[in-house]
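Chemist: pasting the sequence and the predicted coordinates here, then a few questions.
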Amino acid sequence: KITLLQIFQRPGSLDSTLVRHAADYLQWAIYLHLAFATWMLGGIHGQDVYVPLAFELERASEAAQVPGQRVNVLMMITQRVQRLPALVPFMLLLAMLAKD
């Protein structure tokens with residue numbers, strides 16, 4: 001018992017690398033949070049916003065879709081992103097990614 005008390009008497013040595021690693025992880029956590037918010041808010045049935053690229057991708061994938069074919073992931077993402085509740089976190093995510 002006395003040996004444990006002597007060993008744990010001193011606090012561990014901390015330096016600036018811990019802060020740098022935490023800041024790096026926090027940046028990726030923000031990106032992940034915004035992407036997840038976009039995906040979840042895109043599931044809400046709301047008003048669709050006109051996004052030219054999204055409508056072009058949706059129209060092209062609908063024309064190419066055959067019954068029994070696998071779901072086009074890009075079409076599913078564009079349908080969720082063009083909904084009004086999901087547009088705000090998506091634009092914020094794009095702005096943050098463009099800044100880096």
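Modeler: Perfect, thanks for sending it. Numbering: from 1, shown residues only.

Chemist: can you name the next helix or strand after the helix or strand bottoming out on mean pLDDT in the chain?
Modeler: Of all helical and strand segments in the chain, the minimum by mean pLDDT, DSSP states H and E falls on helix 52-64, at a mean of 60. Note on helix 52-64: by DSSP states H and E, the next helix or strand toward the C-terminus is helix 73-81.

Chemist: which elements pack onto that following helix?
Modeler: Secondary-structure packing of helix 73-81 (3 or more Cβ pairs under 8 Å, 6 or more residues apart in numbering; DSSP states H and E): helix 16-42, helix 52-64, helix 84-99. To be clear about C-beta, it is placed using only N, CA and C from the backbone, and glycine gets the same treatment.

Chemist: can you redo those helices as CSV with mean neighbour count?
Modeler: Shown next, in CSV, are the helices and strands packed on helix 73-81 (neighbours: other Cβ atoms under 10 Å):
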stretch, mean neighbour count
helix 16-42, 12
helix 52-64, 13
helix 84-99, 15
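
Chemist: how much space is there between residue 97 and residue 31?
Modeler: The gap separating residue 97 from residue 31 is 7 Å, by Cβ to Cβ, to the nearest Å.

Chemist: please apply the same query to residue 18.
Modeler: 21 Å.

Chemist: can you redo the helices and strands packed on helix 73-81 as TSV with distance to residue 3?
Modeler: Formatted as TSV, the helices and strands packed on helix 73-81 follow (distance: least, Cβ to Cβ, whole Å):
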stretch	distance to residue 3
helix 16-42	27
helix 52-64	65
helix 84-99	50
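
Chemist: point out where the chain drops to low pLDDT.
Modeler: Across the chain, the ranges flagged by pLDDT under 70 are 44-72.

Chemist: any idea which residue sits dead centre in it?
Modeler: In the chain, the C-alpha nearest the mean C-alpha coordinate belongs to residue 35, at 2.0 Å (Cα atoms, centre = their mean).

Chemist: now do the contacts for the residue nearest to it when sequence neighbours are not counted.
Modeler: Once flanking residues are discounted, residue 35 sits nearest to residue 93: 6.1 Å by Cβ to Cβ, 6 or more residues apart in numbering. Applying Cβ atoms under 8 Å, 6 or more residues apart in numbering to residue 93 gives the contacts 31, 34-35, 38.
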